[in-house]
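K.L.:
Here is a sequence together with a model predicted from it:
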Amino acid sequence: MSGTYTLGGEGAIIESLQDMAAHLAEGCKPTDQFRIGTEHEKFGFALDTHAPMPYDADSGPTVKALLEGLTRFGWQRVEEDGFLIALKRDGASITLEPGGQFELSGAPLESVHQTCAEVNSHLREVREVSDEIGAGFLGLGFSPKWSLDETPMMPKPRYGIMKAYMPKVGSMGHQMMFRSATVQTNLDFSSEADMVKKFRVSLALQPFATALFANSPFKDGGLNGFQSYRAHVWTDTDNNRTGMLPFVFEEGMSFERYVEWALDVPMYFVKREGRYLDASGKSFRDFLKGELDILPGERPVMGDFDDHLSTLFPEVRLKTFLEMRGADSGPWNSLCALPAFWVGLMYDDAALDAAWSLVKDWTAEEREALREGAARTGLKTVFRSGTLQDLAKDVLAIARSGLNARARLNGHGENEGLFLDDLDEIVRSGKSRSDLLIEQFETSWDRSIEPVFKETAF
């Protein structure tokens, strides 16, 4: 959900819908220039009280202190309205989600080995500073204990606009903003046709990522009845800007068709001179005609369109790359497994063809049922004559074949397929991380949530 840090109003004035489609098409690149971007969020807490970390306070660990401490590693400060709210270094950034979820947005890298090394380096740096200030971090997809009232809000103006707007369009928008955490993989495409094929395959298979990475069975100190409560929250956050996008599977899908959809999603804000102007519920189409009432006579520039794209939250999101958005955050090995899963499926032509053959006859109703079922019942979700677990074996085999074909080796001669081993075990056993946490909660934890602050901490 993190935006770019500009003053606003950058870029050429948008003259036509085709300008915006051409902007998305700028993401097309040769396959030898494909890169992998991984983003993950985590919940900070005080080690002694298990309370969430505020942005700033007179005592106890704070988000601000953590950001300040990380600057020793060469991270550069990013401030907004006088608040330190992000860090940047070598193409990567550290940003804050609304409830203080601490996010690493990784640099675009060539292999999953590099991505995993980046994740491990980041976690080491965060651990060093966290130990000094008395903080810890949870690798979960949803806040296990704190209520909305107990969860702090980060000092970013766009979040204030979103917080006010969310209750108008869904029942769980605040839960999404303040209590959820994800891991995400961003991947490239070579052409419009390649984008469309990858978009369709990844949308259809996003529920598999939800089930394989399910890691949010707790809420308010107890069980919530879901494998991925984070995924459930997205089903009633704002249906104008979320979901499985049935139009992607229709004839004529293109960059221009995605722009058409994006223009029909109500706006959140416009940024000018470093200030966020509340445009919640207003029409970007009116903006294109110079009829936006908060900026009368002014037409948008491409930076405004990029900002608007950043406020769309479908299960797969198109920018100048594709973002895979269906997975819960989790332990360090899952942060490496997610890019391996999607790279294996998307970055080898034979694997992509095999994945498309698997999903191409699924209906929109079946895809939506998989999305909702994966959140509640995970791998046990019934699909046609079997379960999601049965199909997941085939999906993982395709992903592994794609990674084997890439043959990107580490110093020990191992290819990227090693990062799928944990997922193979989840599918073999039928037990997700949520299942294992539920078992612990019911037995060795004696139905107390407090052990989660040790068992799932980085």
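P.N.:
Perfect, thanks for sending it. Residues are numbered from 1 along each chain as shown.
K.L.:
is it true that G9 lies in a strand?
P.N.:
No: using DSSP: H, G, I helix; E, B strand; the rest coil, the assignment for G9 is coil, not a strand.
K.L.:
is it fair to say G44 lies in a strand?
P.N.:
Yes: the assignment for G44 by three-state DSSP puts it in a strand.
K.L.:
Go ahead and confirm it touches L66.
P.N.:
Yes: G44 lies in contact with L66 (CB atoms under 8 Å); the separation is 6.9 Å. Bear in mind the C-beta positions are built from the backbone N, C-alpha and C, glycine included.
K.L.:
which residues do the two both contact?
P.N.:
Shared contacts of G44 and L66 (CB atoms under 8 Å, 6 or more residues apart in numbering): M53, F102, S130, A135.
K.L.:
In a markdown table: the residues you listed, plus pLDDT, neighbour count and secondary structure.
P.N.:
A markdown table is the format used below for the shared contacts of G44 and L66 (pLDDT from 0 to 100; neighbours: other CB atoms under 10 Å; DSSP: H, G, I helix; E, B strand; the rest coil):
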| residue | pLDDT | neighbour count | secondary structure |
| --- | --- | --- | --- |
| M53 | 97 | 27 | coil |
| F102 | 97 | 24 | strand |
| S130 | 98 | 25 | helix |
| A135 | 98 | 24 | strand |
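K.L.:
Would you mind measuring from the spatially most distant residue from the centre of the chain to R325?
P.N.:
Most distant from the centre of the chain: G297, at 35.4 Å, with distances by CA atoms, centre = their mean. Applying CB to CB, to the nearest Å, the value for G297 to R325 is 36 Å.
K.L.:
so what's L318 closest to, chain neighbours aside?
P.N.:
Closest residue to L318 apart from its sequence neighbours, by CB to CB, 6 or more residues apart in numbering: Y258 at 5.1 Å.
K.L.:
Test my guess that that neighbour contacts L24.
P.N.:
Yes: under the criterion of CB under 8 Å, Y258 is in contact with L24, at a separation of 6.8 Å.
K.L.:
Touching whichever strand or helix holds the residue nearest to L318 from outside, list them.
P.N.:
Assigned by DSSP states H and E, Y258 belongs to helix 255-263. Residues outside helix 255-263 that contact it (CB under 8 Å, 6+ apart): 17-18, 20-22, 24-25, 192, 195, 245, 247-248, 283-285, 288, 308-309, 312, 318.
K.L.:
which ones among those residues are found in strands?
P.N.:
When DSSP state E defines the strands, the subset of those inside them is L318.
K.L.:
who touches K168 in this structure?
P.N.:
Contacts of K168 (CB under 8 Å, 6+ apart): G281.
K.L.:
quick one: it from L138, how far?
P.N.:
Shown here: K168 relative to L138, a distance of 30 Å by CB to CB.
K.L.:
what's the answer for P61, then?
P.N.:
14 Å.
K.L.:
Looking at these two, which one has more neighbours?
P.N.:
L138 (27 against 24; other CB atoms under 10 Å).
K.L.:
List the contacts of the closest residue to the more buried one other than its chain neighbours.
P.N.:
Spatial nearest neighbour of L138, chain neighbours left out: F43 (4.3 Å); criterion: CB to CB, 6+ apart. Neighbouring residues of F43 by CB under 8 Å, 6+ apart: P52, G100, Q101, F102, F137, L138, L140, S143, A181.
K.L.:
Could you work out the most separated pair of those?
P.N.:
G100 and L140 (13.9 Å; CB to CB).
K.L.:
So these two - more neighbours on which side?
P.N.:
The neighbour count for G100 versus L140, taken as other CB under 10 Å, is higher for L140 (28 against 23).
K.L.:
distance of that one from F313?
P.N.:
For L140, the distance to F313 - CB to CB - is 20 Å.
K.L.:
and if you look at L96?
P.N.:
For L96, the distance to F313 equals 17 Å [CB to CB].
K.L.:
higher neighbour count, these two?
P.N.:
Neighbours were tallied for L96 and for F313 using other CB under 10 Å; the higher tally belongs to L96 (26 against 18).
K.L.:
which residues does the more buried one bridge with?
P.N.:
With DSSP bridges applied, L96 shows beta-bridge pairing to F102.
K.L.:
That one is in contact with M154, isn't it?
P.N.:
Yes: the criterion here is CB under 8 Å, and L96 meets it with M154 at 4.5 Å.
K.L.:
got any residues that touch both of these two?
P.N.:
With CB under 8 Å, 6+ apart, L96 and M154 have common neighbours Y55, V63, I85.
K.L.:
Next up, the contacts around K145.
P.N.:
K145 sits next to H50, F218, D220, G221, I449, V452 when contact means CB under 8 Å, 6+ apart.
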